[in-house]
Structures are given as C-alpha cells and as structure tokens.
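**Q** Show me the folded form of this:
(chains A, B, C and D)
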4 protein chains.
Amino acid sequence: MANTFGKLFTLTTFGESHGEAIGGIIDGCPAGIKLNLDEIQKELNRRKPGQSKIVTQRKEPDEVQFLSGIFEGKTTGTSIGFIIKNIHQRSNDYTHIKDTYRPSHADYTYDKKYGNRDYRGGGRTSARETANWVVGGAVAKQVISSIKINAFTSSVGDIFMEKPYQDIDFNKIENNIVRCPDEDSAEKMIARIDEIKKQGDTIGGTVTCVIQNVPVGLGEPIFDKLHAQLGKAMLSINAVKGFEYGSGFCGAKMKGSEHNDIFDEDGTTKTNLSGGIQGGISNGMDIYFRVAFKPVATIMQKQQTINKDGKKVVMQGKGRHDPCVVPRAVPIVEAMAAMVLADFMLLYK
Amino acid sequence: MANTFGKLFTLTTFGESHGEAIGGIIDGCPAGIKLNLDEIQKELNRRKPGQSKIVTQRKEPDEVQFLSGIFEGKTTGTSIGFIIKNIHQRSNDYTHIKDTYRPSHADYTYDKKYGNRDYRGGGRTSARETANWVVGGAVAKQVISSIKINAFTSSVGDIFMEKPYQDIDFNKIENNIVRCPDEDSAEKMIARIDEIKKQGDTIGGTVTCVIQNVPVGLGEPIFDKLHAQLGKAMLSINAVKGFEYGSGFCGAKMKGSEHNDIFDEDGTTKTNLSGGIQGGISNGMDIYFRVAFKPVATIMQKQQTINKDGKKVVMQGKGRHDPCVVPRAVPIVEAMAAMVLADFMLLYK
Amino acid sequence: MANTFGKLFTLTTFGESHGEAIGGIIDGCPAGIKLNLDEIQKELNRRKPGQSKIVTQRKEPDEVQFLSGIFEGKTTGTSIGFIIKNIHQRSNDYTHIKDTYRPSHADYTYDKKYGNRDYRGGGRTSARETANWVVGGAVAKQVISSIKINAFTSSVGDIFMEKPYQDIDFNKIENNIVRCPDEDSAEKMIARIDEIKKQGDTIGGTVTCVIQNVPVGLGEPIFDKLHAQLGKAMLSINAVKGFEYGSGFCGAKMKGSEHNDIFDEDGTTKTNLSGGIQGGISNGMDIYFRVAFKPVATIMQKQQTINKDGKKVVMQGKGRHDPCVVPRAVPIVEAMAAMVLADFMLLYK
Amino acid sequence: MANTFGKLFTLTTFGESHGEAIGGIIDGCPAGIKLNLDEIQKELNRRKPGQSKIVTQRKEPDEVQFLSGIFEGKTTGTSIGFIIKNIHQRSNDYTHIKDTYRPSHADYTYDKKYGNRDYRGGGRTSARETANWVVGGAVAKQVISSIKINAFTSSVGDIFMEKPYQDIDFNKIENNIVRCPDEDSAEKMIARIDEIKKQGDTIGGTVTCVIQNVPVGLGEPIFDKLHAQLGKAMLSINAVKGFEYGSGFCGAKMKGSEHNDIFDEDGTTKTNLSGGIQGGISNGMDIYFRVAFKPVATIMQKQQTINKDGKKVVMQGKGRHDPCVVPRAVPIVEAMAAMVLADFMLLYK
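**A** The predicted model follows:
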C-alpha cells in the first residue's frame, strides 16, 4: 500500500472510518513557521459531515489533535504527528452490507486484492481518509502563504456556472452551502441536489480550482511536470473521473493560431489557455484546472448486486450519505493542490 | 530534475534533441524474459518522424542500441542501458529563435528556471525525449505480455470517431496514417490535418487507450490509485491538457442510479462506466481512458512574441514540425500505459 | 527531515520525548498476518527505562496503542498507525540546559540547522524515538517469523565476551540485565557498569547480532546490498560509531587464501567469514554483525562547555540517564535488523 | 534491482564488465556549473587497471564520454548521460569458470537469485561498475568544490600507517602507487603486496577518508544521519566488510568523560572523537572514517569448490586480478563520499 503523498513535503496517513482514530504524519515542513491551528480546524469544518442539508447528516466533530513537531506555537522542522478521533460512527449501519459487494464501490476489488474487507463504512477506502488530507493541506497552505488557492463548485449534474473565473469573487464561495460563488447558479445547484436527494439518488459535478501568485519556475520538465502532479493529486480523490487544466479537452479542438498565448513585454501572456504552466513549469500566470466527480455510488434506491458467494441479492443504501460529493470536495481539492505546491516550493528553494 | 519514472519497473532518461544521443536505463525488469528487439524497434518506428505526409518531415532513423542487461537474448535482471543516436539534426534550423521566446513553448519558463536554454530544438524539453519512453514501454509490453494495450486517435479538431471502442477492430489502427481504426473518420481526420498544414497552422486532438486482460487487484487504494498513476503518466506527455477515464467528465453530469455498474454473478459488470477501476484498483473489466492534446505550438504563420530582453519581435516557425501531434502520440500513450501496468504488475506479484 | 525507514515495508515516525505522544505508521505490512500484540509490548518492555539498576531510572510505561490496520486480530494490508503516550516526563530536569550546548550531544548542530531547539530531553533527537522503532521491528518480526534474529551485548568497555556466537545459547540473553548470554562475562560487565555509574561516568560497548534461517537471495547486487542496508540501519541508532559484518575489520588483515569460504556440496560453506552475504546477497548461512556504541554523552561530572552566546559555562548532568546504553540497545538492534529483513523479504517475494 | 544512488543528486547505472559499454545518468546536478572534464578523466585514471605493478595488469582505457546535460561547457540542469566503452576485455579468460561457483564470490548467490549468471568477469557484480561511480563522484566533487575530500590507504594486511591524519600531507597521497601519504609505511605496504602477489595470494586493507570544510548542518537527525548515509555508501563498495567514523570501535571501549568533545567558544571542539558529526548532523569539524576491505577472493592458488551441479571441482584463478584492492579503492571511496555530500548539500540549500 502507498500511504505517502509528496517528495519533500510529505503526508503519510492511516486510519479506517470505524477504527479508533485516523491520522497522519507531515514530514518536511520547514522549521520556524507560526501555525494557526484555528485555520486548520476551519478547513476541517469545511469538509466535515453534517454541515448543511445537502450533505450527509452524519455527525462527526472531526477535531484534529497535534502530537508533535510544534513547540511554542512554531514548527520545529521535525515531523508533525496528528490524529482525528472517530466519534459517533455507527458500525451497525453497515452490517447489512457485510457480505455484499456494493455496485461501483471498492468492496469487490478490495476483497479480491487483500482477501479481507473492513465492511464498516468502507474501512480504509472510505472518503473519511480525506480528512487527513485536509489537515496536510491546511498546514501546506500556511507554508506557502503567499500563494492563493481557491476551489469552488463549477457544476452539479448539467447545471454549470457559466461565468469565467475571472469574473467572480472568490470571497463568495463560502456564502452558500454548495460552494459556488455565482449566486444564481448556486441556487439552482442546491435545488437540484435537494430534488435528487428526495429521489434517493445521487448526482455528479465538477470543481474548478484557481491558484494565483505562483512564482515562475515550479515543476520539472520531464516526469514531475507541475500539472502531472496536480493531476495525480486530484485523481487520488475518491470519485474523481477526470482532470483538465488550462484549455483542457476544449484545447484538443483548437488550432495552434487560436491556442497560443502571446507574450506581453513583461513576460505575462495576453491569454492563458496554457493554464499557467508551460512545459511542466509554472509561468507566473494563474494556474487553473477542473476536476470531474462521478455521482456517489451509495443510493437509497433498491439495486441488484451480488454477495461474496456470487449470488444475486438486492440491496438498498442505509445510513447517512452524501447526495452530491462536490460541496465537501471543494476543501479537499484545495488541500491536495496546496500539498503539491508546497512540495514544489521546497524543491524550488 | 526528475528524470525517473516508476517505482519497481523504472525508466531513467537523458538526452537533448541536438546532443550526441538520447537514452535511458530500465531498472527492475525481471530476469529471464526473452526480449524481441525487432518489436521494440517497430514501436520506435511508429513514433518516428517522417513516417507519413501528415507528420513532421524530419528524418531521424531512431535506432535503439542496447548496451547491457541482456545476455544470450534474455534479460538478466540487471539494469538495461540503451542509447538512440541523434542523426540528421539541423541545429541551424533553430538559430533564428536563439533569443526569442516562442509562444506556448517552454522557452520562457525554462530560461527563468535554469538560467540557460538549449535553443536547438528545445533541448531537453523536446518531444524527442518520448523516443526513450517508447523504448521503455516496448520492453514493458513484453514483461506484461498477457495484457493488451491499444491506443488510437479518437478525434482531430472537431472530427470525432463516434463509434464506441467495443465496435471497432484494433487491428485496423495501423491501417491508416492517422491511426484511427474507423476508416471514415480516419479519412476526414487526414483531410483535416492536410488542410491545416497548408494553412501553416496546427490542430489538437484526442487519443483513446484501451487496456484489456488486466487481472483484478492492480493499484493501491490511497495515493497510488491505478488511474491516478495512468493520469500522471499521460499528463507527462508533451502537449497533454486533460485526462479522463471511464465515464470521465460525462460521468459528472450523471445520476448514481444511471452510473453504477451492476454486477453479474461472475463478478464482471453489465456496464463499465467505472472504466475497469474501482477505488483505485483494477476490477478485471477493460480499462479505458482518453487523453487531450493541444495543437502544436510551432506554427508556420507569423506571430508576435518577445525576446530575452523583453522586446517585441515577430517570428515565424521554420524547420520541420508536426501539424498534428496525435498520430505520433498513439505509440507514446501505449508506452506510458505499459510502463504503469508493468510497475503495478511487479508490485502485485 | 527524513522520518521514513524502508522501501516496501516502511516505518514513518514522529514525536518528541516531552511532547504528548510519540508514534508512527507502518506501511507495506501484508494483509492477513495474525499479530500477537503482547509480543510487541514485550519487545517495548525490553527497551524501556527503569527495567534494572544498570539503566536509567526514569519510569515510562511505554504502552503502545494501535489505531488502525488491524481488524479482528489480523493485519488488513492497510497502514498501521500507533502511538505511545509520554507519561512521567519531567521537563524541569532539563531547564538547566536550556541555553547550554551539552558536549557531544546534538544540541549545537540541531540549533544551527533548524534555528530552534526543544531542550526538553533532546526533543526529536532523544533516543526515546527508538521506542517507535522497536514497535516497527516487533511487527516486522511477526511478518518474517521464520527468520530468527538474536542480538546480545558482546562487550562493555574493555570487557569482551570471548566465546564465538556458535558456542552460546541465545535463550540465555534475557537471563541477566546486561543481556550477555555468557554468564561470566555478564557478571563482569554488570560490575563494570555499576562502578562507572558510581563515578558519575558512562561507558561504551558493542552489540552483536545473529540472523538465522535467511533464504538465499535477499539483497540487491549494486546499491541496496543487504549488508549496506543493515549497516545504514545500525548507524541510524543513536550513539553508534561503527558497523562490521562477517570478518569485519579483522578481515582487512587477512589473506585471500585464509579468508575465502570453501563450499560444501550442498552450497553451504565450511567457514563463514563472509557473514552470510556474498556480493550483497544472502547466501543462506548465518548473517552476523557487530555494532559499536560510544559512551553516553551525559555524565554526572562537571564539564566545561559553552552556551548559546558562545560563553564558557560549567555544567553537570542532572536527571536520570543510562550509564551504558548497550543493554537497552539490544532490542533496538534486533528491531532495525527485522525491518531491513522484512523489507527485503517483501521485495524478494 | 536497485541501480540508483542518492536522493536529490542521483546516479543511476548500468553495464556488465564484458558488455559493450557501462554507463550512467547523473540527475539533480544544478545548472550552470562549469565542468572540468579532464579532472573527471583523471579520477577515472586513478581507478583504472594496469596503472602500476601492484594492481591488476588488465588494460582498459576507461574513457568517459558524456552524451547530454552539458552545453557550452556548463551543466544545464538536465540529466547527464555518459558511457564508458568496454575495450580489451578477454571473455575467454572466464570460460574456465562458466559452471563453477568461485569461493567468496557472488556467483552462487547471483545464480540462485536470478536464475542466470553472466560468467564473463562477474557480469554486473564486477567491480568494473565502480568506474561509473567514480564518474558520478568526480562530477559531485565539482558541484561541492569548497569541500575537500581526501582518502588514502591506511593499512595493508597488518601494516598500519600509525600517524594520525592531522600529521600528514594529503598532497603526498599520489606520490606512491599504494596511495599511502606516509612514505615509510607506503614502502612496506608495497613490499607486502609484491610478496603476496608472488604467492598467488591476495590481501586486505583499510582506507581512511577525511572530509574538510563541511558546513554545519548537513544530515538529518533520524533516518538520514550523515554518517549512516556515508556508511551505506562505503558498504556498497565491493569487498567492504566494515565502516567506522570518529572514534569508531575504539570509542566503544571508552568512558564518557574521555570521549566527550569539549567546545571552544567559537563552537569548534578541542578534540574530535565525534568525527565531525553530532546526532547525524555535521558540526563543522573534520569528518573522518575508516573502511575495511577484505582480501580479493580470486587467488592464483588452487582451491576446492563446487560447480552448478553441486559436484566438487578444483579451480585456480586465471586472468589478471588485483593482489590488493585498496590502492584502486581510494578514488572509489572519495567518489562515494562526494556523492553523499553533494546530495546533502542540495538538500541543505
């Protein structure tokens, strides 16, 4: 198993959704950084269940507890250990699926690979793991405090926020529960999720992320291209099916004469179809990318599936699940981006 | 710089497009594998310039020469060193851009990062590097010979091959110069590239890749998800702007009740929107993904740009360049996929 | 900072001697291994302070608490998180050295490197960290249960156990508090440490380790030679100044005709000056090596030193320290050896 | 196989002694360093066979040829590929051992591990590989040109150079063919090797290495202690049986009151039993260590051994071998030390 992310700024994690605690170790964090622990908890609160009517109604306080690496309010340069206790988990919610492979979940692959399966909430495959990532990302954000990272919901189902990111105010992201900074779109998205939830169904969506104030020169030209690492980071998030940056898939329809970003005399470019990265290396323009999330696999409708013995069974989701993962994915996208940027910033220095 | 790809099956590379040779070292290749060197050269020939009228007319023989790791026709388990000599490069083709930053190339970022720049054909940032990858991938293919990897051109500009991959015959991929197995689409694509070339312009496109006969259980559930590694591999290829697997960006518009892949009693699934991977681990179904390539940045039209001193200059592409990168990208996509799969197969064993 | 040990079987650690807890994450442990948690705690007890009159009289219960990776008594193949709470630490014991650089400690180098220093018990540089290693090693031992690893005290100061390891009974190692299986030598060693302790001084020693029942073929011939990894592991232990395996430094005085190990027909060798490793790869014979520990730097005598401002000061050790580190180092040597072997065993499979 | 050394400054190698060429790729070398290629060749010449009467009489020109990463005399920051062609190898010298396991060689372990064996000169296990390391080290030396690294022969068999290194002139190292800077000792050593050679036997020895002008702060306190990496590097060299730094094994006999290095007001220490490293981190004092080499296993006397079928056979060394490896090991020790230091210097910056 590979439970470590990053090269110089690394996060190593552990924990199952229904064990005693999850947690991790952040390594490579430079010494002498004043850590604002409230900011870290605030990021966790953005991810936590039960925060609004359109997310899972599970109640998990998700309080992070730091065990090392911080002395008199500052990082010491040593590894930072932390845990988040698991509280209020209801293992009983999962006994009905003990021997059943849920469709489009990791139950089947996991069982075949490891010969065992922690059926309680998905065990290690649970998205609860991403709480660890948010802690890592929140520390990373403070390490690279000059860089601004803003993610937001850009679509839910077929409802898209049409405005380009340049026309929106990132301060409005947290103004609504779906985390879309365009109010009209947000309203429609929330209504859509509400409707889907009532149907006992789920729905996919996309998150867009914009990274600003990045120095020129982050990223490596061959195998550690900046966008390749960002892509890998995003594709590590549960339920992600696609990643594009800059012009993305649209760029594949274009001509070179349309797509090329022409320089101004100061080295900036008039357009930014490149998405802030040239040849794998940041060029100082805004980096932006889009991440596709599939609909959550657990639905409250009856589905046919099979059990361990290969017999057909009918199952129906129980417990408390997200009708749409996107609103809670926003802080996770930011966290993963922050860790990638922190890693390259350390290498850069 | 990060010039190594992979964890157990690794490729480390070197070489500039206009130096004496490029080459690499393959490490982690198991002992006792009979290597068909002709097959490896054949893969290189699929990538090489000058192979048809719709690709660059540069002539490079691209002959790979193995220096170690093979004894009496079989791999020995030791590292495999190889070189590909650079022949017929015309450094003079590039003197006109010595002090100019070409739009949407890596010239600017590279110069800012390293304080130097090998202007002859882009130096290390040249796509010539991908010849090394094709060698690595061709060896990997023979290591995992039971797995079938087929990539093909699925769009050029706005011309899409509409047929699902299940309806096509992979044996037809090499039947035409654009490497699209659907003849009608291929014809249109070739005509489109021809037209674009005459305009002195370039055009983007997409490559689809299908991986078959993968055992259940490849990939790691947290940070080395199989699709995350495939995504990183693809995003490492020059000009790639996006990656999606399974339902991809379309999946983000769907409902859970539509998207879930229902199991048959043998553990296969009736549909395969998951793209052969559940929770980062292969489930035995076909893996398929799509990669977006932007149009080549070097165009034969006049463009405004700046030079090293930040002064505006007008430049025009010279030399021999690809009007569309996609036909030659097909073997590169396969090669990178093969190396990812070989890496996970070794870990799996 | 590098807080991770190993490649496939890895231990990542955190924790300062006077923080809330220390701990770690074991990654790469195969699924389905029945873990005997009592055995793990027993290893920790062998290392823990206060266990006898010849070690530090600090009282630390050192109870390990596992947080993940174990389900229904077996490993799940996921990462194993654990913590050991810090109890009874007396930070006041260290206020007298807050601004003083102790001779032959890491205070000076640490302060210069990180610009800060956790003066309470050495912070991260404290040998308390090795409790984490003992946990990692105790798990590793159960992963490679067919391999037998026995370390023991082979010298204290100039008192050497003269018997070759072949003539001793490893079951006697735990029969005395100095962990020397030869009773006569043990008695002398204990008396020597007692005497040194009364002088307020400390003394060095060596630990010998024997690894039996290793399959042929562990280790890599170039940069991950089995003995090179063992050497690095041992040199990572606090206070270690030297490592030799097989004939070691004595071998450097010998002739080839004396040193060569002649084969028997079954592939074993009549002698074993090679120490069970040929060309970096285990040959199935016993692996044995010797590790040199310097005397503990903290002595109860007055010493001249300097403070942060470069002024001369006189200091005297306070608190509870080991007069000789060797008896408590025995389980640490075994633990590090076990992790190296587990790592190679996973690679080997 | 692990054919890569280092973390940020890395060397990846390939090549068998009797293939077409050996070579490597240096990655992580900073851009803009003026490389003196003559100096690099000079280091190779110090290692090369046939240089004097006390080393093997094989003739290999060992000319290094750089293929990339250097442009207009300076490093570009890209990977540096190089090859050394194999010339004058006499494969016939080895046919007599094709099916025989030579005592205390890697033939047996290699065959068992890989199921194959390149019998011509040991294949990949041949010390010829160390020519690659000397190239890597020679580049590293130029990267860290302010640091001075001097190794020399400190013993051959039981002839020891008794003078402390502080009393010798490093400029005299190259004055004699055994590379011992003390003339009297050198003479005795040469005579001893001569005598051993006449007997058809071989002899071991030790190399001491002194590293000066190291900044305070290199090395990591937990698993990448500076001396642990140096130890691993040295134990990677063929025929090495032991490593000690500072007081080494002698330190294990001492008392703390004798062993502690007392500070002067400027942070230097009056004595240096620590060997320039405290807690794994350089303290600015000289780093020094000693490496034990066993006698070369190939002797010109008859020895009993076994063949592949486990039958007893008598063999006698043929070909041209070193009676004592130590004189040629001196530049290899320096090279490995230089790569370790370069790696930590990059991390340090």
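**Q** any idea of the mean pLDDT in stretch A:110-130?
**A** The predicted model assigns stretch A:110-130 a mean pLDDT of 80.
**Q** could you check whether that stretch is close to chain C?
**A** Yes. Applying Cβ under 8 Å from any Cβ of the partner chain, one finds stretch A:110-130 touching chain C at A:113-116, A:118, A:123-124. Every residue, glycine included, has its C-beta placed from N, CA and C.
**Q** Endpoints of that stretch, how far apart?
**A** In stretch A:110-130, first residue to last residue: 18 Å (Cα to Cα, to the nearest Å).
**Q** Help me see whether that stretch makes contact with chain B, please.
**A** Yes. If you take Cβ under 8 Å from any Cβ as the test, stretch A:110-130 does meet chain B, through A:110, A:112-113, A:124-125, A:129.
**Q** among these, who's most crowded?
**A** In terms of neighbours by other Cβ atoms under 10 Å in any protein chain shown, these top out with A:Arg124 at 30 neighbours.
**Q** Once you drop chain neighbours, what's closest to that residue?
**A** Nearest residue to A:Arg124, sequence neighbours excluded (Cβ to Cβ, 6 or more residues apart in numbering or on different chains): C:Thr78, at 4.1 Å.
**Q** Which parts of the stretch 201-349 of chain A are helices?
**A** For the stretch 201-349 of chain A, the helices defined by DSSP state H, counting those that start in this stretch occupy A:226-235, A:248-251, A:256-259, A:326-348.
**Q** Surely A:Ile22 touches A:Glu129?
**A** Yes. Counting by Cβ atoms under 8 Å, A:Glu129 is a contact partner of A:Ile22 at 6.7 Å.
**Q** if we can go back for a sec, can you name the two of the residues of stretch A:110-130 next to chain C that sit furthest apart?
**A** Across the residues of stretch A:110-130 next to chain C, no pair lies farther apart than A:Gly115 and A:Arg124, at 14.3 Å, counting by Cβ to Cβ.
**Q** so how far is stretch A:182-193 off the chain centroid?
**A** 21 Å (Cα atoms, centre = their mean, to the nearest Å).
**Q** let me fix that: stretch A:268-286
**A** Mean C-alpha position of stretch A:268-286 versus that of the full chain (Cα atoms, centre = their mean) differs by 23 Å.
**Q** swap in stretch A:19-37?
**A** Worked out by Cα atoms, centre = their mean, stretch A:19-37 lies 18 Å from the chain centre.
**Q** touching chain B at all, it?
**A** No. Between stretch A:19-37 and chain B, judged by Cβ under 8 Å from any Cβ, nothing touches; the nearest distance is 10.9 Å.
**Q** how long is that stretch from one end to the other?
**A** Counting by Cα to Cα, you get 25 Å between the two ends of stretch A:19-37.
**Q** And stretch A:257-264, by the same measure?
**A** 17 Å.
**Q** Sort out which residues of that stretch are buried, please.
**A** Neighbour-count burial for stretch A:257-264, with 16 or more other Cβ atoms under 10 Å in any protein chain shown as criterion, is recorded at A:257, A:259-261, A:263.
**Q** how about the nearest residue in space to A:Asp169 that is not next to it in sequence, what does it touch?
**A** In space, A:Asp169 comes closest to A:Pro181 once its chain neighbours are excluded; the distance is 6.1 Å by Cβ to Cβ, 6+ apart. Going by Cβ atoms under 8 Å, 6 or more residues apart in numbering or on different chains, A:Pro181 touches A:152, A:161, A:168-173, A:175.
**Q** Which one of those is nearest to D:Ala297?
**A** Distance to D:Ala297 across these (Cβ to Cβ) is lowest for A:Phe152, with 67.1 Å.
**Q** Kindly confirm whether my reading is correct that the closest one touches A:Thr206.
**A** No. Between A:Phe152 and A:Thr206 there is no contact under Cβ under 8 Å: 10.0 Å.
**Q** Nearest residue to A:Ala297 in space, please, no chain neighbours.
**A** Distances taken as Cβ to Cβ, 6+ apart put A:Ser104 closest to A:Ala297, at 4.0 Å, once the chain neighbours are dropped.
**Q** Give me the three-state assignment for that neighbour.
**A** Per DSSP: H, G, I helix; E, B strand; the rest coil, the secondary structure class of A:Ser104 is coil.
**Q** again, but for A:Ile83
**A** Criterion first, three-state DSSP; result for A:Ile83: strand.
**Q** Tell me how far it lies from chain C.
**A** As judged by Cβ to the nearest Cβ, to the nearest Å, A:Ile83 and chain C stand 7 Å apart.
**Q** Can you check what pLDDT the model gives the residue nearest to A:Asp169?
**A** Looking at A:Pro181, its pLDDT reads 97.
**Q** Whichever strand or helix holds A:Gln142 - contacts with which helices or strands?
**A** According to DSSP states H and E, A:Gln142 maps onto helix A:130-143. Counting contacts by 3 or more Cβ pairs under 8 Å, 6 or more residues apart in numbering or on different chains; DSSP states H and E, helix A:130-143 packs against strand A:10-14, strand A:21-27, helix A:37-47, strand A:80-85, helix A:326-348.
**Q** just those: most buried one?
**A** strand A:10-14 (a mean of 29; mean count of other Cβ atoms under 10 Å in any protein chain shown).
**Q** quick one: that strand to helix A:326-348, angle?
**A** Counting by axes from the mean of the first three to the mean of the last three Cα atoms, to 10 degrees, strand A:10-14 lies at 140 degrees to helix A:326-348.
**Q** helices or strands up against strand A:10-14?
**A** By 3+ Cβ pairs under 8 Å, 6+ apart, strand A:10-14 packs against strand A:4-5, strand A:21-27, helix A:130-143, strand C:21-27.
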